[in-house]
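Okay, here's the prediction I keep looking at, along with the sequence it came from:
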Amino acid sequence: MKIYLAHAISGLSYGEVMNYYVKTSEFLKSIGYEVLCPMTGKDALRNETKFKAHGIDKVPLATNHAIIERDRWMVTESDIVYISLVGTKGVSIGSVMEMAWAHQLGKHSILAMEPGNIHEHAFVLEAADIRYESEAEAEEYLARLKNGVLPEGVK
């Protein structure tokens, strides 16, 4: 199964963004998922100390057009879209777009977002198939889903 990871990028450093994606990708790969990640192949951005809300024209994979087209393609190719908005300080328009594409395409979408998060909006709340309040809960569900494990008491 292919899973696409969506997470805030704007306002964060390359290191902060990659820490999330590497940690999450390693976990999901270890349980058998094929992971699609918007930062794949973007090591040319390693010196970015604070990503802006727009692309970088001098890096072909990071132009505005390349970002939206490749991310949309990855969502289309995925079976599941996992969106983590836990702890975000500003609105992640990219993550919300990716969630909207997932919803429109009928992809199974899992949202990790704590109560009171800046993204608590009817569209976000209704576009996600399942919402968990923490990444740990969402990732436990994804592990159970991948391994075909039913909740206790279900036969």
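Received the coordinates, thanks.

When you work out contacts or count neighbours from here on, use the C-alpha atoms and nothing else.
OK.

need the contact list for the nearest residue to Leu28 once chain neighbours are set aside.
Among residues not flanking Leu28 along the chain, Val35 sits closest, at 7.1 Å (C-alpha to C-alpha, 6 or more residues apart in numbering). Residues in contact with Val35 (C-alpha atoms under 8 Å, 6 or more residues apart in numbering) are 2-5, 25, 28-29.

and if you look at Val75?
4, 81, 98, 101-102.

In those, find the pair that's most separated.
Tyr4 and Trp101 (11.7 Å; C-alpha to C-alpha).

In terms of packing, which of the two has more residues around it?
More neighbours surround Tyr4 than the other of Tyr4 and Trp101, with 25 against 19 (other C-alpha atoms under 10 Å).

can I assume the more buried one is in contact with Thr76?
No: assessed by C-alpha atoms under 8 Å, Tyr4 is found out of contact with Thr76, at 9.2 Å.

related to what we said a few turns ago, show the buried residues in the contacts of Val35.
2-5, 25, 28 (16 or more other C-alpha atoms under 10 Å).

Between these, which sits nearest His121?
Of those, the one sitting nearest to His121 (C-alpha to C-alpha) turns out to be Leu5, at 20.3 Å.

From the contact counts, what lies against the helix or strand containing the closest one?
Using DSSP states H and E, Leu5 falls within strand 2-7. With contacts taken as 3 or more C-alpha pairs under 8 Å, 6 or more residues apart in numbering; DSSP states H and E, strand 2-7 sits against strand 34-36, helix 64-77, strand 80-84, helix 93-105.

Redo those as a markdown table? Include mean pLDDT and distance to Ile56.
Output for those, formatted as a markdown table (pLDDT from 0 to 100; distance: least, C-alpha to C-alpha, whole Å):
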| stretch | mean pLDDT | distance to Ile56 |
| --- | --- | --- |
| strand 34-36 | 98 | 21 |
| helix 64-77 | 96 | 7 |
| strand 80-84 | 98 | 24 |
| helix 93-105 | 97 | 15 |
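
Perfect, I'm done here.
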